[in-house]
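>>> Using only what follows, build the 3D model:
(chains A, B and C)
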Amino acid sequence: MIPTRRRGLKAVGAALLAAAFLVAVPAVALADEAGGSPGLPREELQFILNTFAFLIWGALVMWMCAGFTMLESGAVRTKNASMICLKNIGIYSIAGLAYYFVGYNLMYVDVGSVIGSFQFLYGPSEAEIGLLDGTAENLAEVVGNGYSVMSDWFFQMVFVATAASIVSGAIAERIKMWAFFAFTLILTAFIYPIVGSWYWGGGWLAEQGFVDFAGSTIVHSTGGWAALAGVLVIGPRLGKFRKDGTVKPTPPSNVLLVTLGVLILWLGWFGFNGGSQLALGSAADAVAMSNILVNTNLAAAAGVVAALVVSRPIFGRMDLFAGLNGALAGLVSITAAPDLTEHWWAVIIGAIGGVICTAAIKALERLKIDDVVGAIPAHLVCGIWGTLAASIAGGANFGTQLLGVVAIGAFVFIASLIVWKLMDMVVGLRVPREAERLGQDTAELGIETYPEFVLMPEEFDD
Amino acid sequence: MIPTRRRGLKAVGAALLAAAFLVAVPAVALADEAGGSPGLPREELQFILNTFAFLIWGALVMWMCAGFTMLESGAVRTKNASMICLKNIGIYSIAGLAYYFVGYNLMYVDVGSVIGSFQFLYGPSEAEIGLLDGTAENLAEVVGNGYSVMSDWFFQMVFVATAASIVSGAIAERIKMWAFFAFTLILTAFIYPIVGSWYWGGGWLAEQGFVDFAGSTIVHSTGGWAALAGVLVIGPRLGKFRKDGTVKPTPPSNVLLVTLGVLILWLGWFGFNGGSQLALGSAADAVAMSNILVNTNLAAAAGVVAALVVSRPIFGRMDLFAGLNGALAGLVSITAAPDLTEHWWAVIIGAIGGVICTAAIKALERLKIDDVVGAIPAHLVCGIWGTLAASIAGGANFGTQLLGVVAIGAFVFIASLIVWKLMDMVVGLRVPREAERLGQDTAELGIETYPEFVLMPEEFDD
Amino acid sequence: MIPTRRRGLKAVGAALLAAAFLVAVPAVALADEAGGSPGLPREELQFILNTFAFLIWGALVMWMCAGFTMLESGAVRTKNASMICLKNIGIYSIAGLAYYFVGYNLMYVDVGSVIGSFQFLYGPSEAEIGLLDGTAENLAEVVGNGYSVMSDWFFQMVFVATAASIVSGAIAERIKMWAFFAFTLILTAFIYPIVGSWYWGGGWLAEQGFVDFAGSTIVHSTGGWAALAGVLVIGPRLGKFRKDGTVKPTPPSNVLLVTLGVLILWLGWFGFNGGSQLALGSAADAVAMSNILVNTNLAAAAGVVAALVVSRPIFGRMDLFAGLNGALAGLVSITAAPDLTEHWWAVIIGAIGGVICTAAIKALERLKIDDVVGAIPAHLVCGIWGTLAASIAGGANFGTQLLGVVAIGAFVFIASLIVWKLMDMVVGLRVPREAERLGQDTAELGIETYPEFVLMPEEFDD
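Have a look, this model is predicted:
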């Protein structure tokens, strides 16, 4: 039955609806001949459910872009907050375009062992286009794919955007806008798709038996390694590490928006992990998806509690920012194996994630590595932990997990380091000293984030 | 199988669950007689899927209300930000009630050529009520509608709220609250439903073969024309256009919330366009919905990038606000034909949308038309562009598209102009001069948006 | 058909996918023998749909946590806003863990008349684990449950978090963090599960015929009673009620985020009420769910409009904060019977809710009860109203409704009072006087919410 409410669409003979009608006829006829089943054929129904799950969960993952934006723009100092907004909406836009033009093909099309196809653009299958045009005989071929071609593209695209978002927070407040966008383009068009092809594309890591359900390593560590390379090349913010060995505190300028960002990410993660079941066409899929959401939530909750508890000895006070990062730590940690059926494992994995993230924040500070929002502890360190934990709790092979962590880490870190270094030599990564003091909002964008609010003048003692 | 976890509900013999049982019996019996199929009948299954898609996507469109609220309240000056919050929650509330009492019937019930029914209220069909009361023989009639009656109402209601939201940003910072609410009531009860009936209601434009998939013209241009009429009647803000020909800059007072608003709108748009497929009951629907989400995302991404690139020559700097409006421009532009199967067209349409929106922001400034948030460039200008683009890329007839654009534009603009003018004469649209200087928050609402923050005093040089 | 895009997952022989294959075989065989139906068996399909509805709607309810966080942290004074962020993310984490370790079993497992099981932990059924491991013979047992075990847990868990969130706003700005977390633990592990077992667990109230569809009483009044007990024990904020009988105004410090919070809650409520249909496996379920969303929206809209209208006589001005609370009032009010088929009843119920909430805000002030965000008027008072309204509009027995309201109210209020009092005696509930003046952010957390913004010094005249 075709909805008729918006009759205008029907009256003009929209091809889609016509197609749906044509398609419907033979199936119904078949059912009638058989004297019984008026149901949708199993394959078509599963196709619909799988596709819809990709779209809905994918939309929630897109929402994580808003989470990163709020988290990062609330975490930096006010003078750089608009730049973070620009970078984040730029990341999501560039990632989507790059993945459409190049990335998806490299990651999923004709993947040999280490890379896919170099063709340009991606689109629906010919069978799908035929089906939309009303050619019912394409139906079997279409549904034989299991889900619509572009629903999968959509779901994978929001993942590459997530990986890229991780980078912007770590190297905030001193990197030139254009340099950052250029790196984003390379990361989303090439670096991420290549390591993605090794596992999700069916390449050599998949053949080894590596397990990384929704991307603790593929997505989060990849983003984290790229960020670490960037931070090492560009160095700390002016005055962050003082000559006397003390560290200049740079607290979040807007705690409410940092918190909002974390809650957005938490919500989006249900799509990130739940959608990675990749199917909703059987009771087993539905059961697995439920377990995944429960584990995701438990790990995040345990990460918050554990991080808050250990923040007191580590930082000398109950630290909200550690607690918020603890949520992300738990989420990243469970992402390699969110389909565990013993949920207390999720509590343990998330709690350990929360602890090591908090410790890593402190350790980076000791190492004079200036990661503005704690992206490296949350995404890189916990991404590694989660991937290894999948062998402890989820039955994956420890050696293979380690191999995957090291191989992907080495490739992403080295490739990123080369790109950052090259860009630094050619165009320069870092904004001029005066621009950094003034803030990128005024210096590069010519705006202020809160132009009507009176702000504290910042002291410089470098 | 009826879920039994909340046994309380079952124990009290809730009518709904009983109904579900009764309904289930004959269908199962049929299946057993036929010796095989225990599946849900195709029509009932499609009914469920179509209905659920309306509800889920509709909920995301409701979320766009939060997007407009954040975008607009962050874009105005602080002294008017609370008023924008009030207006936006008022819009959504009034629109929902007006559409329930009057609007939906005018738009969809017994539509002749130019208008529907003048009856009051709307509700589930008698067959549906019967089904809920346990009368299983209504099942065929219920599912024969294709989706539940009120799921469609819900989905259409959030659309009218969107159209109304567009107005508030353009005429912000000087219009009286009550006058604005009165206009909102007329727009959502009458103006929007009437033009909606012409096409989606199956009226004369539908018969002409007009194509506007999710409402570039019906929703966005309608909102834009109503806004333009309002802006022309009420005039620019005090001091916006100075006597020496210069323009007073009025930058967004809270850039982070403007950015959040745009990202909310982007997410909501997946519901806006995806849900406008109106069905999820076949593989063709699922394929189309996937293509729609992909095009929606690509157009927005291209709009951002294009707007940022051209903002430098147009405004003399990389302009974040132009980039954010570029996202909306891309989204509005693709809305008339988001079901294209060649996705590079979405990139082109969105990119052009981003360019013309940025240019239109500058042009309005030259024309001394004071649109506070850029609603007219993004929604009206790009709405027109998108509707015409549907003939270039989507195969619609150019003349018919132009006819639709002109007819709807003329009706909405003239009707709005009359309403605004009448209200201006009778009660006055504009707040007193002193209230405008002081800000509507203090003058009309007696509150401050950020009462504890120290704000810059505003200069007046008019 | 199994999606094959992420081939990595398949290549490693993921148990889940294998299971899906094994499961699929007999059903398909059955269909082929019967000569017709290739559809999914009805029970499995309904299992999938019911489960997916729990997950999607449950994710939206989780999002309400962000709504409470924004509402409350924007409503308190700046000096306590970070503490509210910490409390809210803590609430959600603790509630999720407590409900996993203890609460769910108390509420739903082996419920006699007044309490369920004292066992620890909760997890998927053995049949489900078997199914995931590839044992296809478990399929009938799994789908016989109607939905996956953990999807229900997830949906119920976000409800307990909602109840706990209600408390934090009322007693904000003076309660010690650890005391608050301890109460949250007791509320979510014991108090809420016990009253929940009486009705949703199938206990004595269910047997009496009590009706509370999605929890006007079970969730919202429970939170409200616990908040009221806390407010009475801890007393008003320093200086709130002056010696001369006047009330110190403490307006929201960030109106935009309060508004955002309300809009988040509005969106989340679609999940709260819509998901409480507990099923999506029949046309009757889909119809009911549609009606529920429509009523939810109409009641909220009517609450806004009614609250705004009466705010002028009650507060002497059009009050935005009253209007925002009016939305929540409408939502809480309709929650006991959102499945009404006569939608104008939702308008009436919501409008009355908006009026009594606004009046109750004023009344609490007169009674010198200091509820920082209006949680008691919105959740407790309107929760009672909604539960009683279910007998006026929805056909429930008035006496039984009153019995439920009184019994749950008495239990929750007394239990909470005892817990608050005990904690007050043992560890002290209230922060030291100096910490309250300074603000909990600085005094307890050692941070500032907006460290770079210049804020007004607060006056103290107590």
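
>>> any weak-confidence spans in chain A?
A:1-38, A:459-462 (pLDDT under 70).

>>> can you rerun that using 90?
Scanning chain A with the threshold set as pLDDT under 90 gives A:1-40, A:112-114, A:134-137, A:316-318, A:392-395, A:456-462.

>>> tell me the domain boundaries of it?
Per automatic domain parsing, the domain ranges recorded for chain A read A:1-39, A:50-445.

>>> Tell me which of these approaches residue B:96 most closely.
Set against residue B:96 and scored by Cβ to Cβ, those come closest in domain A:1-39, at 17.7 Å. Heads up, the C-betas are built off the backbone N, CA and C, glycines and all.

>>> so which of the domains of chain A comes closest to chain B?
domain A:1-39 (2.4 Å; Cβ to the nearest Cβ).

>>> and residue A:320, backbone torsions?
Main-chain torsions, residue A:320, degrees, to the nearest 10: phi -60, psi -40.

>>> what number of residues lie near it?
Applying other Cβ atoms under 10 Å in any protein chain shown, we find 27 other residues in the vicinity of residue A:320.

>>> now swap in residue A:81 and tell me
Neighbours around residue A:81, by other Cβ under 10 Å: 31.

>>> Which elements pack onto the helix or strand hosting it?
Residue A:81 is located in helix A:81-98, with elements delineated by DSSP states H and E. Judged by 3 or more Cβ pairs under 8 Å, 6 or more residues apart in numbering or on different chains; DSSP states H and E, helix A:81-98 is in contact with helix A:42-75, helix A:149-170, helix A:177-186, helix B:255-274, helix B:283-315, helix B:320-334.

>>> thinking again about what came up before, and the domains of chain A, which is most packed in?
Most buried of these by mean neighbour count (mean count of other Cβ atoms under 10 Å in any protein chain shown) is domain A:50-445; its value is a mean of 24.

>>> And it, end to end?
43 Å (Cα to Cα, to the nearest Å).

>>> From the chain's centroid, how far away is that domain?
Domain A:50-445 sits 4 Å away from the centroid of its parent chain (Cα atoms, centre = their mean, to the nearest Å).

>>> now residue A:433: how far from chain C?
Residue A:433 sits 21 Å away from chain C, going by Cβ to the nearest Cβ, to the nearest Å.

>>> Next: residue A:79.
Applying Cβ to the nearest Cβ to residue A:79 and chain C gives a distance of 8 Å.

>>> one step back: export the helices and strands packed on helix A:81-98 to CSV and tack on distance to chain C?
As requested, those are arranged in CSV below (distance: least, Cβ to the nearest Cβ, whole Å):
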stretch, distance to chain C
helix A:42-75, 5
helix A:149-170, 5
helix A:177-186, 22
helix B:255-274, 6
helix B:283-315, 11
helix B:320-334, 17
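
>>> Of all the ones you listed, which one is nearest residue A:455?
Of all the helices and strands packed on helix A:81-98, it is helix B:255-274 that lies closest to residue A:455, at 13.4 Å by Cβ to Cβ.

>>> helices and strands around the closest one, which ones?
Applying 3+ Cβ pairs under 8 Å, 6+ apart, one finds that helix B:255-274 makes contact with helix A:42-75, helix A:81-98, helix B:42-75, helix B:283-315, helix B:320-334.

>>> Sweet, I'm off.
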